[in-house]
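Novice: Next input, structure requested:
(4 chains)
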Protein chains: 4
Amino acid sequence: MRIGMLTSGGDCQSLNATMRGVAKALYNNLKDVEIIGFIEGYKGLMYEDYRVMTPNDFSGILTQGGTIIGTSRQPFKLMRTPDAKGNDKVELMKKTYKKLKLECLVVLGGNGSQKTANLLREEGLNIVSLPKTIDNDLWGTDMTFGFQSAVNIASDAIDCIHTTAASHGRVFIVEVMGHKVGWLTLHAGIASGADIILIPEIPYDIDKVVSAINKRTKAGKRFSILAVAEGAISKEDAKLSKKEYKAKLAESPYPSVSYEIGKRIEEKTGQEIRVTIPGHTQRGGSPCPYDRVLSSRFGAAAAQMILDKDYGNMVGMKNGEVVRIPLADVAGKLKMVDPKCSIIKEAKALGISFGD
Amino acid sequence: MRIGMLTSGGDCQSLNATMRGVAKALYNNLKDVEIIGFIEGYKGLMYEDYRVMTPNDFSGILTQGGTIIGTSRQPFKLMRTPDAKGNDKVELMKKTYKKLKLECLVVLGGNGSQKTANLLREEGLNIVSLPKTIDNDLWGTDMTFGFQSAVNIASDAIDCIHTTAASHGRVFIVEVMGHKVGWLTLHAGIASGADIILIPEIPYDIDKVVSAINKRTKAGKRFSILAVAEGAISKEDAKLSKKEYKAKLAESPYPSVSYEIGKRIEEKTGQEIRVTIPGHTQRGGSPCPYDRVLSSRFGAAAAQMILDKDYGNMVGMKNGEVVRIPLADVAGKLKMVDPKCSIIKEAKALGISFGD
Amino acid sequence: MRIGMLTSGGDCQSLNATMRGVAKALYNNLKDVEIIGFIEGYKGLMYEDYRVMTPNDFSGILTQGGTIIGTSRQPFKLMRTPDAKGNDKVELMKKTYKKLKLECLVVLGGNGSQKTANLLREEGLNIVSLPKTIDNDLWGTDMTFGFQSAVNIASDAIDCIHTTAASHGRVFIVEVMGHKVGWLTLHAGIASGADIILIPEIPYDIDKVVSAINKRTKAGKRFSILAVAEGAISKEDAKLSKKEYKAKLAESPYPSVSYEIGKRIEEKTGQEIRVTIPGHTQRGGSPCPYDRVLSSRFGAAAAQMILDKDYGNMVGMKNGEVVRIPLADVAGKLKMVDPKCSIIKEAKALGISFGD
Amino acid sequence: MRIGMLTSGGDCQSLNATMRGVAKALYNNLKDVEIIGFIEGYKGLMYEDYRVMTPNDFSGILTQGGTIIGTSRQPFKLMRTPDAKGNDKVELMKKTYKKLKLECLVVLGGNGSQKTANLLREEGLNIVSLPKTIDNDLWGTDMTFGFQSAVNIASDAIDCIHTTAASHGRVFIVEVMGHKVGWLTLHAGIASGADIILIPEIPYDIDKVVSAINKRTKAGKRFSILAVAEGAISKEDAKLSKKEYKAKLAESPYPSVSYEIGKRIEEKTGQEIRVTIPGHTQRGGSPCPYDRVLSSRFGAAAAQMILDKDYGNMVGMKNGEVVRIPLADVAGKLKMVDPKCSIIKEAKALGISFGD
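Specialist: The predicted structure is shown next:
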């Protein structure tokens, strides 16, 4: 039995641990199994760029960041457009799949990659997919691998800023990744004692943000920490159409939303604001033990799906149990933070302002 | 309103973060609230040893290990026995509670401490309790604070041993805490790629353990790592009565189970075995971000219980939501690893041996 | 005996550990000693803003980041200008010093703060100073506290970027702090396997940087990592006068040098460049064990200087021994990386390019 | 040019980083160079067990713990005894060396391994050696690689114990590695605020240890932390001959010195003592940035020695500069802590007791 595997989209911390899980469970339970690793995601599948993996390749990679087979971003909306040579990308992938006589294709990816996986499923390929993203925005699963490791890095960054802010009596903004959702910022913000948390799901009112800072100043607190999601948006901007907002962002003189927020707070409070952006560090480094357990479980469950010949699903976690979610249900949906969910209420009870 | 608070039993990593959560949510939502911190657990409650806390006491302790009000172990079975001066301990506690006109008592504790909390509830005290333990063995909650931080420390220790084992080609045993249950060993073992995991819930057959090691040796693997719970037990010993086993342990020349297991493996394989015991380091140090989020949520939820005057419950986590579990249900029960649960199956699929 | 103490300038990781060292050694060796902590650096000394410290204040702060007495930046060149109320700042400080009948003033600070300390010494105050800076740019000492902790944070950041860069096959720039010198970038760059290191002491030729990247690409390496000091400068810009260069920077559309370097590489190689700036995280968080030992030694040595009534010196480290360096020698000098020193030669031998 | 390389003795954290340094500098500066990696130290050299290394083997191992070519302990005193088949071990090694036409042999090792390296030098082999040990006990160099990483792990362990000890009000002993010298314990002890530090170079008087604990108790401190070197020795035992002491240790019912010390303190103070032994974790895991810089520098310097054909030396660090030390001077000597050195004086000034 020959199985294809690829990692697609932005990298994150537990990709290798997950592939190791799939591979170990396959090698343990199947006599004859060969794993083909496609290089740099769907690109490798298109252009027959692959490596025949051996059990040894998966040894010692549990704690290793990145992905041993490389990854690349392949925008879903360009999937059905011809490539540079005029070939249909999906057809190229199907051709490789058939040529190599693959039993199935194991895809580790985030939102865009799951959409492509679903497309290939519709085209008749046997797909098993796994939820990779530091954003935790995949529909159908409570948790994605990479998320908790990214929470740790973002929290460490805010912790470091905390001691500096406290020593200098400053207002600090730490911009946290998370794409269009607030999970990462919410968790890292609570974990590191941020005073104000701004996430895309709760558009902020800059005056509420300012008054939260002023309230702290009045109470004798010498500093304030804001954890701001890279996708944070103001109440006014949330009223714009997607297109309008995109245009506005494109015209902005600021490299990211935090600088604009900082500028506005500076104008309204007279306080000096510092912005720190941990950036890509949040996707890198060794996965944390939580992620390694999650990845190992996910990997074993994906292998079981292959043993069961139960294709077309993504592995997910629901209420502590590993489940199978139809790709057709996953594709194209986003799991967002519900502004009325209990964790938001609890954060507010602690005195954290969301600027709403 | 005056509220008593105490931390009881073995310390763990997120006690301060949890107390901060309770306090912040109380101060934010009640005009007049005074928190009394009893020194060293129930002992402080018995002998009126306490500190009147201020909001400042709870500031900056989110990431701080240990407990700012101290703790001590008060065996439950001695709770109804008189103290050194012949006084009934429960009566002493009731007296202090009444004298200070407490609205309620907030207890952060593990199994024994929850039993005592329930006893005080039966005696008419208003109790709100929170699930503290690195063992994750509290009935009624999916997760306890301290657990994930301890998993991280135990995993780090096994990771360190991994590089040494691989370099020297040795068999290494790392003994992991967890009291009578296997949660900590199971998670740390999977997270750090242990080859064999021995937990109390799955009594081991030493020959199965040995054959798992030999299988690795035959496959050309130069080393094996065993993650052994401090409560691990052999198939034969599991047949003994509690009393018999206790007597056997007392007579054992070994300071802990790992040494005996190591000795038996050495005899049967001829390989040199090394034992490492991270010990109390697993309870100490700064809580991880996961625990800080959990503690913050738990703290806010406990404060809400006080606002609701809903007493006699422990805060818990069920399927991602914070819940209230009647102390009467919690007290005296142990949450053990089900040998047939999915995480065990997944671990076995990866090739991990449990010696069964 | 009453002793004043202050922390001045940008905060760093081992300030509390150092103050603890001074205090512990004083309390241990003097019967009657009172330590006065001035709030927010020289500002506290000017305006009699201080706290009478107790031994308890210095307990448990060995691993704590930031500074318990706060800090602020007081530009040296403004020291002899009148303050907002028209008072001479130095006279204000002298007045407080005399009023409080201080035996001496202990100053923890970097370059600017040492200059001010020397000024106060010239004005007749008894000064003991300690070398605080993540930049390691203080003349007269091999090592400053804060430096190694900052190296660790910057290295961790580059390590994280490493896995991402390797997975995606990208060119990444990580901008490292260090003010006008390259120590931090040099050490963090070597520690994390950076391919190209740009520091102020070795002005770079962008074509040499590009050819170093191209050489890697040709050798089949899919990624390159640049560790760029915030003070890195090109060969052309190094020819400008200080004033001209400052004007050029002020006009630059880029928030920092890395973006411009990135842009130029992008233009010349056609490769996509990503910039990450760990920023203020490099000054924050818990000090590493190396710094805690250094700070403890420095603190004890500073206390000994007070016992010896040997004033007007900065504590330093020379060839592994703690030494006393006259403030008159330290003030106003910068310790830079010698482009011909052995560590640079060793780095070049490893294949690291400095763009020269 | 063909060069042999081996890692010998107990493993430590920066072996791979050092080998990478040697290899990178050789590949960069020599057109034709082939590196032979002997498997498991001198054993591989004896029995022609080796791997022809490629540049790729040394890529990505900078942060990886352990050694990619394995190691083993070969007691020096058995070096001139025949092996199991009656062959002279040194002759076997010389034979392999000649057969493979090696230009030289690069040895990464501690005390025993340096002695063997010197023996091979006397036999006419070209030797370049590097100072590997977490013990920092190699004569001729201020610093060995592995040491600072081990200090970090031991300090982390004591930090963890600190929070537990403070919460429970207990006396804790943490036993630190270091073989026959006290460097590791001294640095880890100071770094983590240990109250009492016991090292082999300063034999302890148990009554002095007890009085240091009692002094703390009287001062209201609820806990004490002892950092005890695995080679710590009492004043009485220090009077015994080596043979007598060895015999005494062999008869001791305790697995290590800490337990006996704990027992004696318990008897004399009535306080409950807990012992924690981080053990082999201190040799494992990823090297810290300090060690990675040191290893990179050492590696480049070793390669330069080969380019210079300057053989028979060990690379070392003296006053911040990398130096060459004749193996004849290094072999058989131990670098111990001088009880009168400044770091000990500084530690005592801070109030740390050494039990003397």
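Novice: going forward, measure contacts and count neighbours with C-alpha atoms only.
Specialist: Fine.
Novice: quick one, whichever helix in chain A runs longest and helix C:147-168 angle?
Specialist: The residue-count maximum for a helix in chain A (DSSP state H) belongs to helix A:147-168. Taking axes from the mean of the first three to the mean of the last three CA atoms, to 10 degrees, one finds that helix A:147-168 is oriented at 150 degrees with respect to helix C:147-168.
Novice: Next SSE downstream of helix A:147-168?
Specialist: Once the chain leaves helix A:147-168, the next helix or strand it forms, by DSSP states H and E, is strand A:171-176.
Novice: which residues touch the helix or strand that comes right after that next one?
Specialist: With elements assigned by DSSP H and E, the helix or strand that comes after strand A:171-176 is helix A:183-191. By CA atoms under 8 Å, 6 or more residues apart in numbering or on different chains, the residues outside helix A:183-191 that reach it are A:134-137, A:147, A:150-152, A:154-155, A:158, A:176-178, A:196-199, A:226-229, A:336-337, A:347, B:289-293, B:296.
Novice: Separate out the buried members of those residues.
Specialist: Using 16 or more other CA atoms under 10 Å in any protein chain shown as the burial test, the contacts of helix A:183-191 include A:134-137, A:147, A:150-152, A:154-155, A:158, A:176-178, A:196-199, A:226-229, A:336-337, A:347, B:289-293, B:296 as buried.
Novice: Name the nearest residue to the one residue in chain A that gets nearest to chain D, ignoring sequence neighbours.
Specialist: Using CA to the nearest CA, the closest approach of chain A to chain D is made by residue A:64 at 9.6 Å. Counting by CA to CA, 6 or more residues apart in numbering or on different chains, residue A:64 lies nearest to residue A:286, which is 5.3 Å off, once chain neighbours are set aside.
Novice: That neighbour falls within a helix, correct?
Specialist: No. Residue state for residue A:286 (DSSP: H, G, I helix; E, B strand; the rest coil) corresponds to coil; a helix is not indicated.
Novice: Now for it, how many residues are close by?
Specialist: Using other CA atoms under 10 Å in any protein chain shown, residue A:286 is surrounded by 24 other residues.
Novice: just checking, it touches residue A:61?
Specialist: No. Counting by CA atoms under 8 Å, residue A:286 does not reach residue A:61; the two are 9.7 Å apart.
Novice: Now for the two: what residues contact both?
Specialist: If you check residue A:286 and residue A:61 against CA under 8 Å, 6+ apart, no residue is contacted by both.
Novice: Give me the pLDDT value at residue A:256.
Specialist: In this model, residue A:256 is scored at 89, pLDDT.
Novice: how much space between residue A:278 and residue C:14?
Specialist: Going from residue A:278 to residue C:14 by CA to CA, to the nearest Å gives 22 Å.
Novice: hmm, back to that, what kind of secondary structure is the residue of chain A closest to chain D in?
Specialist: Using three-state DSSP as the criterion, the local structure at residue A:64 reads coil.
Novice: With residue A:276 instead?
Specialist: strand.
Novice: Who are the contact partners of residue A:296?
Specialist: A:17, A:18, A:20, A:21, A:22, B:190, B:191, B:346, B:347, B:350.
Novice: In a helix, it, correct?
Specialist: Yes. Counting by three-state DSSP, residue A:296 is part of a helix.
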